[in-house]
Structures are given as structure tokens and as C-alpha cells.
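>>> Predicted coordinates and the sequence they were generated for:
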Amino acid sequence: MGIIAKQSTFNVISIGIAFLIGAVNMVFLYPTYPGKEFQGLVVALLANSNLIQPFISFGVQHTLIKYFSDSKSKEERDRLLWFVLLFPLLILLLIIPMYYQFNTSILEFISGSSEAVGRFPFLILAIAISTAYFEIFFSWLRVHLKSVFGNFLKEVYPRLLTFSLLIAYIFGSLSLDTFINYLILGYYLRLCCIAVYSFYIYIPSFHIKLPTNWLAMLRYSALIFLSGAAASFILDIDKSMIFAITSQESVAFYAVALYIAAVVEAPGRAMFQITSPLVASALNKNDMVRLEVLLKKSSTNLMVVSGLAFLIINLNLLDFYKIINQDGYASAISVVIIVSLGKYFSMSMGCLNNIISNSKYYSYVFWFSVSSAVLAVILNYYFIHAYGIIGAAIATLAVIVFINVCKIILIYSVFKIHPYNNKSLSIFGSVFLIYGIVNFIPTLINPFYSIVLRSLLILALFVIPLFVFHWSSEIEEILKRFKKLF
């Protein structure tokens, strides 16, 4: 099994565990005990933190991935590592005084003058700093092709932390304020873990000199920062605008729906941790054959795995919300379907995003992201006012389709490659045919039994075309290994 398949498999398992723990948090513990308002507040706080995080990291985590394989000597690589570690400190020297001077205005802008969010300005900045440095160290591990532990800390740890804090809150050991404080401490403990492991994997020799091409790195970081800021804006502006226009409860309903829909992109999140440095290496060596192979293979594999996730999630929604059994949450069923369609389209593009961000055409990402951010604000404002959280989902789907079509056109124009092949149509067709068949099967009285039986039926129907059309030799090999194991 190749390094991509091997580490992606471990990462998928980590993300699967993370989603299970997160599901318990999002759909059971939060709604049942602290309540929708508490859940909406925490989600809004973390969303606002994600809006600030790109301003701190300034895109240097992506700079590390792009330039590491291009550095010819150990000294150059070590200079690069110290550069990406120390540069955000300069950014913080500028940001922290400005944030504390204008934090009221900033919070009013991103949270609609919410007094609840305004009570915790320190949490928003503190978690943003922790997350920024975590991403830098995670990129450090990825360029050394050691993504598994970092992926565990990225995906599983925060859910496990939240689970532990919610249990403590339920039993009366924590108040809201202490919950927030321990949440911050937990994020910094995660940062310490990944920093120690990163230095264990590789300790760079310290050099006072800047990297040779530091001006090019700064230029790249600046554009990636602006693109990342716009991308984070796109990801979290819907929750912030729902919070500002509607209510905390609506944020909770929408956040749970997004969480369910995000299962569709879990395989991609696992794969991209390892494909990104490999794509950067292929580009730096000008190996276009390798690049096209990476693109098409990643597209096919993600269409298969994410397609199966799409079917299992969307065809069990009614039973899943019966299990949640909380007032109001089922109103977001349509949100799951709409957003998961967009996420499935994104996964079908394979590692195309990695190719753009690591190529000389990375500047286009900035213009795509800015255009999408403007479109997101306009569409969210209009559709949330008109249709509530369903409108936010429609706006999200429209933005996803717009930015992804732009990226496909760009890659085809400059590299004459695209993610799809002769297997793509049969995968898409099989996914939607199975959806059409299983969707007409009624649910059982017991939602747990219904989900298990329906999922087994989906899996059985899905495996048939998988082996008949030989969609993916890598996935077939993994399934055969599991068969031998059991």
C-alpha cells in the first residue's frame, strides 16, 4: 500500500472517530443539557476565532509546504522552518495592541453587536493564536510525511476536549466562564503536544539569516493569507450572519446540519494532509505526468468514498433526527442535503486545490476567494432574510459551485488537465441512482434499526458497481485487506 493510501486510511479512521465524538457533542450533549443557546454561543465564538486566525498565521503554513521540497540544502530548509515559526510573532506584535484597542468594533462587525459574544473577546483571540501555530506545526509534520498524529490532534482532540468539558458542565463542575477558560487551556495543550512531536521528528539548526528567496516567500504568504482570510470568511460568515440576523438557536440548528454534511468531505480532509506536499514536490520538479496521476487518482478515490458517505448521510436523515429528538433541529434537514451536494462536488475535484496553491498560479486563488467572499455576503444577506437557515445553505452551495468551476477552468487552461476520467460519470450515475432507489424505502419504527439496515443496503448496492467497473484499485486493495483481517 502506498504512502498516500496508508496514511489516508489512518487519517480517515481518526476523522471517523472524531465525527462520532463530535456527533455525540453536537446532537446529544449540547442540545440536551446546556441547551441550544449555549451551543449557539460556543459555535459563534469558535467561528469568529476562525475569522481572525488567518491574520495571525499570514499563510506561512502553506509557504512551508510549497517551498520545503524546493529547498536544496539542509541549511535552506532549516532557515525556512525558523522563518515560518518566528514571522507570526511579528504579526502578533501588531495585532494584539490593535485588537485590544478596537476589539469592541471588531466584535460588533462579526457578531452583530451580540453581548454574549462580546463577553469573551479573549477566547476569540487566544484560540486564534493557538490554531494558527498549530497549523504551522502540522505543516511541519506534513512536509516530513508524518501526518497521522497531527491529524489526530487536529480532528479527534478538539472533539474529545469538548466532550470532557461538557460532561464536567453537566455534572455541575464547571460554569460557563470556567468552561470557556478550560477550552482555551485545552487548545494550548494541543499546541504543546504538536510542537514537541514536531521537534522530535526534526530539530532544525538555528540560523540568523533569512531564507534566500524570502521576498518570494513573503509575497506568496501575503497572497495565501488574503486568500485564506477570504476562505475562512466564506466558511464562517454564514454562522455569524445567522447569529446576527436570526437567533442563537438558529446557529445551533445550522451548525448541527453543517456538521452532518461535513462527513461527506472527511475522506478529502484525510487525503489532502499527505497529497499536498507530494503535489508541491511534483510541481517543483515540473513532473506533469505525476501531477495528472495525483489529480485523477485523488478525484476518483474521493468520488467513491465521499459518494458512499453522501448516500449514508442523506438517506438516513429522517431517522437520525428522530434520534436527536430535539425541538427545532429537524428544520435543518434540507440544509444537510443542500450543503452536502456542494461538498461532494468539491471532493470530486481531488487535489486540484493543492495544485493551484502550490503552483505559480496561486495568485488566482486570491481573486477567486475575494469574489466568492463578496458573493457569500450578498447571497447570505438576501437568502437568510428570505428563507432563514435554508437560505444560508443555498448561498453556501452557490458559492461552492462558483469557486470550484473557476478553479477547474483555471487548471484546464494552464496545465491542460482536469480531475475527471471515464470512470467519473459511472460513479456519479451510480451514486444518484442508488439515492433514487433507496429514498423510496420507508423507515422502520425504530430509527436505530432503520439506519443500520438502510446503511447495509446502501453498502451492498454500492459495492456492486465498485467491483464491476473497477473504479479504484487502491480501494479494492483496502477492502481485500479488511476481508483478510476479519
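Happy to help now that I have it.

>>> I403 - nearest residue in space that isn't next to it in sequence?
The shortest distance from I403 to any residue other than its chain neighbours is 4.5 Å, reached at S372 (CB to CB, 6 or more residues apart in numbering). Bear in mind the C-beta positions are built from the backbone N, C-alpha and C, glycine included.

>>> wait, isn't that neighbour in contact with I234?
Yes: using CB atoms under 8 Å, S372 and I234 qualify as a contacting pair, with a distance of 5.5 Å.

>>> Residues that sit against both of these two, list them.
With contacts defined as CB atoms under 8 Å, 6 or more residues apart in numbering, the residues shared by S372 and I234 are 399, 403.

>>> Mind giving me the packing neighbours of the helix or strand encompassing the residue nearest to I403?
Using DSSP states H and E, the secondary-structure element containing S372 is helix 363-387. Counting contacts by 3 or more CB pairs under 8 Å, 6 or more residues apart in numbering; DSSP states H and E, helix 363-387 is packed against helix 214-245, helix 352-358, helix 389-415.

>>> Pick the most buried one from the ones you listed.
For the helices and strands packed on helix 363-387, average neighbour numbers computed from mean count of other CB atoms under 10 Å are highest in helix 352-358, which has a mean of 25.

>>> From the rest of the structure, what touches it?
Contacts of helix 352-358 from elsewhere in the structure, counted by CB under 8 Å, 6+ apart, are 62, 65-66, 224, 227, 272, 275-276, 279-280, 283, 291, 295, 299, 362, 364-365, 407-408, 410-411, 415, 419.

>>> what's the average pLDDT for it?
Here the mean pLDDT over helix 352-358 is 85, rounded to a whole number.

>>> What of stretch 452-460?
Taken as a whole, stretch 452-460 has a mean pLDDT of 92.

>>> and what of stretch 45-56?
Per-residue pLDDT values across stretch 45-56 average out to 78.

>>> Figure out how far it is from the centre of its chain.
Computed by CA atoms, centre = their mean, to the nearest Å, the separation of stretch 45-56 from the middle of its chain amounts to 14 Å.

>>> Stretch 49-57 too?
Using CA atoms, centre = their mean, the distance from the centre of stretch 49-57 to the centre of the chain it belongs to is 15 Å.

>>> Spit out the contact partners of F68.
Residues touching F68, when contacts are defined by CB under 8 Å, 6+ apart, comprise 77, 80, 143, 277, 280.

>>> list the buried ones in the stretch of helix or strand I475 belongs to?
Using DSSP H and E, I475 sits within helix 473-485. Within helix 473-485, the residues that qualify as buried by neighbour count (16 or more other CB atoms under 10 Å) are 474-475, 478.

>>> Equivalent analysis for stretch 356-372, please.
356-359, 362-366, 368-369, 372.

>>> can you list those in a markdown table and add distance to P34?
A markdown table is the format used below for the buried residues of stretch 356-372 (distance: CB to CB, whole Å):
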| residue | distance to P34 |
| --- | --- |
| I356 | 41 |
| S357 | 38 |
| N358 | 42 |
| S359 | 46 |
| Y362 | 42 |
| S363 | 44 |
| Y364 | 43 |
| V365 | 38 |
| F366 | 39 |
| F368 | 38 |
| S369 | 35 |
| S372 | 34 |
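
>>> from these, which is closest to I313?
Within the buried residues of stretch 356-372, the smallest distance to I313 is 24.6 Å, found for S372 (CB to CB).

>>> So what does R190 have for phi and psi?
For R190, the backbone dihedrals (degrees, to the nearest 10) come out as phi -60, psi -40.

>>> Export the contacts of F68 to a markdown table and append columns for neighbour count and distance to V304.
Below are the contacts of F68 laid out as a markdown table (neighbours: other CB atoms under 10 Å; distance: CB to CB, whole Å):
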| residue | neighbour count | distance to V304 |
| --- | --- | --- |
| R77 | 20 | 36 |
| L80 | 26 | 36 |
| V143 | 23 | 28 |
| P277 | 23 | 23 |
| A280 | 25 | 25 |
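
>>> Next step: the residues you listed restricted to strands.
Among these, DSSP state E puts none in strands.

>>> Same list (these) but as CSV, adding pLDDT and distance to M241.
Rendered in CSV, the data for the contacts of F68 read as follows (pLDDT from 0 to 100; distance: CB to CB, whole Å):
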residue, pLDDT, distance to M241
R77, 86, 42
L80, 88, 38
V143, 83, 36
P277, 79, 35
A280, 79, 35
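
>>> show me the contacts for the residue nearest to I403.
With contacts taken as CB under 8 Å, 6+ apart, S372 has the following neighbours: 230, 234, 399, 402-403.

>>> hmm, back to that, quick one: which of the helices and strands packed on helix 363-387 has the weakest pLDDT on average?
Lowest mean pLDDT within the helices and strands packed on helix 363-387: helix 214-245, a mean of 77.

>>> Next SSE downstream of it?
Sequence order places helix 248-261 as the next helix or strand after helix 214-245, per DSSP H and E.

>>> May I have that next one as CSV, with CA atoms only?
Extracted C-alpha coordinates of helix 248-261, given in CSV (Å, rounded to 0.1, in the frame of the first residue of the first chain):
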residue,chain,number,x,y,z
GLN,A,248,-28.6,31.7,18.8
GLU,A,249,-31.0,28.8,18.4
SER,A,250,-30.8,29.0,14.6
VAL,A,251,-27.0,28.9,14.8
ALA,A,252,-27.3,25.7,16.7
PHE,A,253,-29.7,24.1,14.2
TYR,A,254,-27.5,25.2,11.3
ALA,A,255,-24.2,24.1,13.0
VAL,A,256,-25.5,20.6,13.6
ALA,A,257,-26.7,20.4,9.9
LEU,A,258,-23.3,21.5,8.7
TYR,A,259,-21.6,19.0,11.0
ILE,A,260,-23.6,16.2,9.5
ALA,A,261,-22.9,17.4,5.9
